[in-house]
Structure formats: C-alpha cells, structure tokens
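S.K.: from the sequence below, what's the structure:
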Amino acid sequence: MIQEVKHYRGQDYDSRHGGPFDRGSADSWYGRSWLPHYYRAGTGTSERVDLADMTVEEILAYGAGYNYNEESGGKKLYD
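M.R.: Residues are numbered from 1 along each chain as shown. All right, here's what the predicted structure looks like:
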C-alpha cells in the first residue's frame with residue numbers, strides 16, 4: 001500500500017522521499033537535467049538505482065514527477 005501519494009494527470013504516484021516521482025520533481029526543482037534515478041530508501045542514505053536498472057513504471061514515475069514540477073513552475077532560487 002502506498003503511504004505518500006501524489007495525484008497527477010489521473011494517476012496516483014508513490015511520492016515517498018527518494019522514490020522516482022520525488023527524484024524527478026527534485027531534479028526539476030533544482031534545475032537539473034532529466035536523468036531518471038531513485039533511491040531504494042532515503043535519498044543519499046541508500047542504494048541509488050539508475051536508468052539502466054529501472055522498470056518502465058519507475059521511469060514513468062520519475063518523468064511524471066519531473067513534469068509535475070515543471071508545470072507548477074516551482075524552481076529553487078539561487079542568490
């Protein structure tokens with residue numbers, strides 16, 4: 001059962017910290033390139049899973065997170 005859910009374009013995504021949706025939205029927020037990846041548990045505190053080892057569903061979730069943030073217009077402001 002998904003604990004943290006983000007509804008986007010008619011679908012529910014697991015939005016847990018470190019997951020594909022979260023990493024996609026974070027990459028967009030920080031102005032980073034689209035590069036699918038996620039962490040098995042928390043960001044930076046567990047094994048990183050890169051594109052070559054991701055499932056189609058995980059890649060789609062990363063893309064949804066990235067697009068979700070791009071559409072919201074939220075970006076980190078650097079001084």
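S.K.: show me the contacts for the nearest residue to E47 once chain neighbours are set aside.
M.R.: Nearest non-adjacent residue to E47, counting by C-beta to C-beta, 6 or more residues apart in numbering: R40, 4.7 Å away. Every C-beta, even on glycine, is put in place using the N, C-alpha and C of the backbone. Contacts were defined as C-beta atoms under 8 Å, 6 or more residues apart in numbering; by that measure R40 touches G18, S46, E47, V49.
S.K.: quick one: the closest residue to G74 other than its chain neighbours and P36, what's the gap?
M.R.: With sequence-adjacent residues excluded and distances taken as C-beta to C-beta, 6+ apart, G74 is closest to W29, at 5.9 Å. Distance, W29 to P36, by C-beta to C-beta, to the nearest Å: 16 Å.
S.K.: okay, now the unreliable bits of this protein?
M.R.: Low-confidence segments of the chain, defined by pLDDT under 70, span residues 1-2.
S.K.: now, of the contacts of R40, which are buried?
M.R.: Neighbour counting by 16 or more other C-beta atoms under 10 Å classes G18, V49 among these as buried.
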